[in-house]
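J.: got a structure for you, letters missing:
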């Protein structure tokens, strides 16, 4: 097959005889004097290419990617966080023909890392073979993926405030990054995840933890306590928490968010590796369609003791507030002395007065 590379308005053309499975280098700099941003580059026969190398050093302005029938890798990003290409603001990719056949059937990877001016949505609704999207350091607002996508790595900037995934069972690495490169999910307002727990069948070692902890991500998302929140973690299959109390912040915000016409819905199975009680299980099952896998019955938690005070004046002076101290008691356990070996110290005391008698315990 032949590839015809044309630079500018036909000022320079070169025909390359190419064979499948081989890599060819075209010295673009020799024919543009390095002035890439002002130069149009046409590749006739590009539908036969599986990749076109990394284009970030060329500071591309725009792309007209009409045919990516054999393209596997689209590499436009860079590891250089100081990279600036103000002209590259949108990425439009072909999606499907009139019969809904994908125009990017082999595309596996897109890298736009540190293309800070790139915004909009990366539309890949028919990219059934996509495995990796690296978009940290951009200003995109979303990614559109097909149902039951093959995606394994999804890195997004915190300009993305809504994430929806349906059947992303292969996803092993999902992160949202802030402007300095730290992982940060607090900017999310919508998290709709359906049947997207990484399948146990894909794990090399069954004892390995699951790579995406949707419940922890949801908890960080809810820390801002915004009523403009939509949270749906549906058909969980491998989610794992420690103590059952992990779910308390989600339950506490449910009624307020739903009163503001938002959603807080969980369904599926959750593994509980720590403390739990029958009361808690019943409460959460009344809220949501959930099943729980808990620790063995001989280790089950039957009750919790909580002690808290907001500070008081004792005979020896002011006693500062004590945070909540929780002790879990197993089925055959003995209720512990919450004053022994804790921040509380010993049972407080205060002498009675004519008006009042003080009793602690």
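T.: Noted; the coordinates are in hand. Not measured: the values here are computed from a predicted model.
J.: ok, and what's touching the top strand by length along the chain?
T.: Secondary structure assigned by DSSP state E gives strand 230-241 as the longest strand of the chain. Strand 230-241 has contacts (C-beta atoms under 8 Å, 6 or more residues apart in numbering) with 162, 189-195, 197-200, 209-210, 213-215, 218, 221-222, 247, 250, 257, 262-274. From N, CA and C alone the C-beta is placed, and that goes for glycine too.
J.: one more time with 6 Å, if that's ok
T.: Applying C-beta atoms under 6 Å, 6 or more residues apart in numbering, the set of residues contacting strand 230-241 from outside is 190-195, 197, 200, 210, 214-215, 218, 262-272.
J.: now which of those residues would you call buried?
T.: The neighbour-count test (16 or more other C-beta atoms under 10 Å) marks 190-195, 197, 210, 214-215, 218, 262, 264-266, 268, 270, 272 as buried among the contacts of strand 230-241.
J.: strand partners of the longest strand of the chain, parallel vs antiparallel please.
T.: Strand 230-241 has the following strand partners under DSSP bridges: strand 190-194 (parallel), strand 263-272 (parallel).
J.: next, the buried residues of it.
T.: 230-241.
J.: now do the SS call for residue 281.
T.: State at residue 281, reduced to three classes by DSSP: H, G, I helix; E, B strand; the rest coil: helix.
J.: now it. Nearest residue, chain neighbours left out?
T.: Of all residues not flanking residue 281 in the chain, residue 292 sits nearest, at 5.6 Å (C-beta to C-beta, 6 or more residues apart in numbering).
J.: now that neighbour: how far from residue 246?
T.: In this view, residue 292 and residue 246 are 12 Å apart by C-beta to C-beta, to the nearest Å.
J.: how about residue 280?
T.: Applying C-beta to C-beta to residue 280 and residue 246 gives a distance of 10 Å.
J.: when these two are compared, which one has more neighbours?
T.: Applying other C-beta atoms under 10 Å to residue 280 and residue 246 shows that residue 280 carries more neighbours, namely 20 against 17.
J.: wait, the more buried one touches residue 244, no?
T.: Yes. Between residue 280 and residue 244 there is a contact at 4.5 Å, judged by C-beta atoms under 6 Å.
J.: just to revisit the earlier point, how about CSV for the buried residues of strand 230-241, with pLDDT and distance to residue 89 added?
T.: Output for these, formatted as CSV (pLDDT from 0 to 100; distance: C-beta to C-beta, whole Å):
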residue, pLDDT, distance to residue 89
230, 96, 28
231, 96, 31
232, 97, 32
233, 97, 34
234, 96, 35
235, 95, 37
236, 94, 38
237, 90, 40
238, 86, 39
239, 90, 38
240, 89, 41
241, 90, 41
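J.: mean confidence score for stretch 124-134?
T.: The average pLDDT for stretch 124-134 rounds to 96.
J.: neighbouring contacts of it?
T.: Here stretch 124-134 has contacts from 95-96, 102, 104, 106-111, 113, 144-146, 150-155, using C-beta under 6 Å, 6+ apart.
J.: out of these, which are buried?
T.: 102, 104, 106-111, 113, 145-146, 150-155.
J.: any regions of this protein where pLDDT drops low?
T.: 1-16, 18, 22, 24-46, 62-67, 200-210, 295-315, 321-361 (pLDDT under 70).
J.: please enumerate the helices of it.
T.: Ranges of helices within the chain are 214-222, 248-259, 278-287, based on DSSP state H.
J.: who does the longest one touch, helix- and strand-wise?
T.: Going back to what we said before, that points to helix 248-259. Where contact means 3 or more C-beta pairs under 6 Å, 6 or more residues apart in numbering; DSSP states H and E, helix 248-259 is packed against helix 214-222.
J.: ok and the helix it packs on relative to strand 230-241, angle-wise?
T.: Our comparison of helix 214-222 with strand 230-241, counting by axes from the mean of the first three to the mean of the last three C-alpha atoms, to 10 degrees, yields an angle of 140 degrees.
J.: which elements pack onto helix 214-222?
T.: If you count contacts as 3+ C-beta pairs under 6 Å, 6+ apart, helix 214-222 packs onto strand 190-194, strand 230-241, helix 248-259.
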